[in-house]
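S.K.: Provide a 3D model corresponding to the input given below.
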Amino acid sequence: MRKFIYIIFLLAFSQILNAQKQDTLKTRILKQWHLSKDYSEEVNVPFDTVFSLFNRYRRADTYSPFNVTLGNYGLPFYQINFFDRVTDPDKFLKSYYYPLMHVSDNAVFMNTQVPFTELDWTFAGPTTTSEQTFRIRHSQNVNRYLNFGLIYDIIYNLGQYSYQRAEDKDFTFFSSYTGERYKLYFSAGINNLTAHENGGIISKNDLYISSKRDIQVNLGNLNSAVSQLKNKNLLLVQRYTIIDRSVNSSDTVKKIRSGFLGLTGTFSHILTIESDKRTYSDSKPLSGFYSDALISSSSTFDSINARSIKNTLRFDFETDPSRKFRLGGGVGLRNENFVYSQIVPSHDLNLADSVMWKKGNNVLVGRLYNNIGDKFKWSTTAEMFATGYRSGDFNLDGEIIKSFDFKKGRVSWFITGRVANTRPSFWYEQWGGNNFEWHNNFDKEFRMDLSSGLSYPARNTEIQFNYAVIKNYTGFGTDSLPFQFSSALSVAALKITKGMQAWKFHLVTDLLFQKSSNSDVLDLPFVTIRSAGYFEHLFVFKQTGGKLNTQLGVDVTYNTLYHPYSYNPATGRFFNQSLSTGNYPFINVFLNLKIKRTRIFVMFDHVNYDMMGNNYEMVPLYPLNIRTLRYGLAWTFYN
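M.R.: The predicted structure follows:
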């Protein structure tokens, strides 16, 4: 793995040096965006070349700042913030990896005036237990309209404890053509994620052993248990806009012809194809970790597959965007086809059957929005599953945004709401494997969400309140089997993000308060905090004209006691359990450096190890890594 990364660095090194030498003050146009949830419009995304807190290198943290892990980066994880969790039934198999993956609905597109390349690499620990991450991102335009690019991500983590290696390789190729009338967006992704399963350590009393590899685990060498998730996906969006334009004789610039609000229309075709395959193998299923061996007592090989093809035809309209009053909307029809397959027990000795299910849906989709000036706008989107497997399901989302200008900058106040009636994932109802089997007929989950918040970038302040009421909440119980809570479950959360500065001292804090109405069904930590305090200074070398920006500080993560999920390797699902974790601070000390477009960090991870007890776990019996020296760098260059 290290040799592979070094070879890439050597090949790119000469180009990096050349780019650094040619780094001038000339403006370079760089634009980056992703598509909205319904693929109907572009949503701008700022380039992630920020120096501040570069030591927070993990891509999972850009999705949600609070994550629960199995102690080893690259293994399955979930979000502490209930409102950040991945709940889409079509993402069931990949929900605990989704923030790391390149899939259709998080595809990013670029438009660059000059070729853009970024290399990002981190390394931690001794060779025998090392963690490495690597990313290469490249994009360039063929002409002013056509762009192509690629991203390749690797996480290779041997782990400090036995049999917990993670090896994740995620790749995407993307391209876009953004002409005046015709637009095309294309992305293709391949995600291969491998997790060596150890089932957690046998006892926390063993944590005093100095060599963590000597601590006994539930699934050891005889099991050689491994989970694999393989995902392939393709996105193709084509949009053609009918624009009534004329040329003013006194101006060569084309303008929309005056008419009914300067109306334009866009026809779109959206195609998504996706395949998910999860396998689980165990060479000794009767080792005692599982109570049943339903197919074979000598070895386990569970395989589960889901494939989908979705086609959408839609028409969208909008009025002249230069007018103060802007109205737009759209309507369309989406056809969905799914194929599910699995190896299930036949209940004959050492026999299994391969079964397949085919499902389909026809979905009506719509959107309506209105902008009044640049300080007030509202929008709503809707989905209605008219026929098929999920007939009767619906999603209705709405948002209102009002902005206010103050001396220090603009404040945005938003209110969002959502009402959804959703059939639980197919895999909640049907499952077969060597260790578990279930057949359920669950009711639809009805959920109402309300959210409101303020964003004040000039003051580095964001406040958001979320509230949800859920009927027929679906999850996994203490027996690792699906359950449905038929009564109403309510969840409230308040999230505050605040950055403060006094001279050269900075404090950046994410604070989360959460409460569930029934902790036996869903338990959440009441308080979760992640805070970084650091001293920042810019060194200027007068003789050479060079500049070195530095940050030296401490990063702390903490949550109060609660009952988190535990993890079942055979199903790959987190489930309810009765042990508590929390009330333990994870403290990192870091140094960040920046020279031109090169960013570097050095960090002592979990520096307080062995100073505050042995409760350093987020999932019971899956302790986090002990004190580790970690370092990394990122090169960004374009010329």
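S.K.: ok, how many other residues are close to Thr69?
M.R.: As a burial measure, Thr69 scores 19 neighbours (other Cβ atoms under 10 Å). For every residue, glycine as well, the C-beta is placed using N, CA and C.
S.K.: Look up the closest residue to it, ignoring the ones flanking it.
M.R.: Of all residues not flanking Thr69 in the chain, Phe77 sits nearest, at 4.5 Å (Cβ to Cβ, 6 or more residues apart in numbering).
S.K.: quick one: the one you found and Ser64 touch, right?
M.R.: No. At 9.7 Å, Phe77 does not count as touching Ser64 under the criterion of Cβ atoms under 8 Å.
S.K.: Looking at the two, which one has more neighbours?
M.R.: When neighbours are counted by other Cβ under 10 Å, Phe77 and Ser64 differ, and Phe77 comes out ahead with 23 against 19.
S.K.: pLDDT on whichever helix or strand Ile496 is part of, on average?
M.R.: In this structure, Ile496 sits in strand 482-502 according to DSSP states H and E. For strand 482-502, mean pLDDT rounds to 98.
S.K.: what lines up beside that strand in the sheet?
M.R.: With DSSP bridges as the test, strand 482-502 is paired with strand 461-476 (antiparallel), strand 505-516 (antiparallel).
S.K.: Flag every buried residue along that strand.
M.R.: Neighbour-count burial for strand 482-502 flags Pro482, Phe483, Gln484, Phe485, Leu489, Val491, Ala492, Ala493, Lys495, Ile496, Thr497, Lys498 (criterion: 16 or more other Cβ atoms under 10 Å).
S.K.: on that earlier part again, would you format the strands paired with strand 482-502 as TSV with distance to Phe315 included?
M.R.: Below are the strands paired with strand 482-502 laid out as TSV (distance: least, Cβ to Cβ, whole Å):
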stretch	distance to Phe315
strand 461-476	33
strand 505-516	41
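S.K.: Which parts of the stretch 51-200 of the chain are strands?
M.R.: Secondary structure of the stretch 51-200 of the chain by DSSP state E, counting those that start in this stretch: the strands cover 67-69, 77-79, 108-112, 116-124, 131-141, 146-157, 166-178, 182-196.
S.K.: What helices and strands are in contact with the longest one?
M.R.: Here strand 182-196 touches strand 166-178, strand 226-242, going by 3 or more Cβ pairs under 8 Å, 6 or more residues apart in numbering; DSSP states H and E.
S.K.: could you check the angle strand 166-178 makes with the last one?
M.R.: Relative orientation of strand 226-242 with respect to strand 166-178: 10 degrees, computed using axes from the mean of the first three to the mean of the last three Cα atoms, to 10 degrees.
S.K.: What helices and strands are in contact with strand 226-242?
M.R.: Counting contacts by 3+ Cβ pairs under 8 Å, 6+ apart, strand 226-242 packs against strand 182-196, strand 264-282.
S.K.: which parts of it are buried?
M.R.: Neighbour-count burial for strand 226-242 [16+ other Cβ under 10 Å]: Val226, Ser227, Gln228, Leu229, Asn231, Lys232, Asn233, Leu235, Val237, Arg239, Thr241.
S.K.: which non-adjacent residue is nearest the fourth one?
M.R.: Same thing as Leu229. Leu193 (4.6 Å).
S.K.: do you know how far the one you found is from Leu100?
M.R.: 7 Å (Cβ to Cβ, to the nearest Å).
S.K.: between those two, what contacts are shared?
M.R.: Common neighbours of Leu193 and Leu100, using Cβ atoms under 8 Å, 6 or more residues apart in numbering, are Gly74, Asp168, Asp170.
S.K.: can you pick the most crowded of the residues you listed?
M.R.: Highest count within those by other Cβ under 10 Å belongs to Gly74, 26 neighbours.
S.K.: Report the contact partners of that residue.
M.R.: With Cβ under 8 Å, 6+ apart, Gly74 has these contacts: Leu100, Glu131, Ile155, Tyr156, Asn157, Ala166, Glu167, Asp168, Leu193, Ala195.
S.K.: isn't Leu524 right next to Ser516, touching?
M.R.: Yes. With contact defined as Cβ under 8 Å, Leu524 counts as touching Ser516 (5.2 Å).
S.K.: Tell me where the stretch 251-400 of the chain has helices.
M.R.: Counting by DSSP state H, counting those that start in this stretch, the stretch 251-400 of the chain has no helices to list.
S.K.: low pLDDT regions in it?
M.R.: Confidence mapping of the stretch 251-400 of the chain against pLDDT under 70 gives the ranges 251-262, 348-350.
S.K.: hmm, back to that, can the strands of the stretch 51-200 of the chain go into JSON lines with extra columns for mean pLDDT?
M.R.: JSON lines is the format used below for the strands of the stretch 51-200 of the chain (pLDDT from 0 to 100):
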{"stretch": "strand 67-69", "mean pLDDT": "97"}
{"stretch": "strand 77-79", "mean pLDDT": "98"}
{"stretch": "strand 108-112", "mean pLDDT": "94"}
{"stretch": "strand 116-124", "mean pLDDT": "96"}
{"stretch": "strand 131-141", "mean pLDDT": "96"}
{"stretch": "strand 146-157", "mean pLDDT": "98"}
{"stretch": "strand 166-178", "mean pLDDT": "98"}
{"stretch": "strand 182-196", "mean pLDDT": "98"}
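S.K.: okay if I get these as TSV plus distance to Leu511?
M.R.: Converted to TSV, the strands of the stretch 51-200 of the chain look like this (distance: least, Cβ to Cβ, whole Å):
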stretch	distance to Leu511
strand 67-69	16
strand 77-79	16
strand 108-112	29
strand 116-124	27
strand 131-141	27
strand 146-157	28
strand 166-178	30
strand 182-196	31
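S.K.: who does the nearest residue to Tyr73 once chain neighbours are set aside bridge with?
M.R.: With sequence-adjacent residues excluded and distances taken as Cβ to Cβ, 6+ apart, Tyr73 is closest to Asn157, at 5.6 Å. For Asn157, the beta-bridge partners under DSSP bridges are Glu131, Ala166.
S.K.: again, but for Ala420
M.R.: Applying DSSP bridges, one finds that Ala420 bridges with Asn395, Arg447.
S.K.: contacting residues around it?
M.R.: Per Cβ under 8 Å, 6+ apart, neighbours of Ala420: Asp393, Phe394, Asn395, Leu396, Glu445, Phe446, Arg447, Met448.
S.K.: neighbours around the spatially closest residue to the fifth one that is not a sequence neighbour, how many?
M.R.: With sequence-adjacent residues excluded and distances taken as Cβ to Cβ, 6+ apart, Glu445 is closest to Asn472, at 4.7 Å. The local packing of Asn472 (other Cβ under 10 Å) involves 19 other residues.
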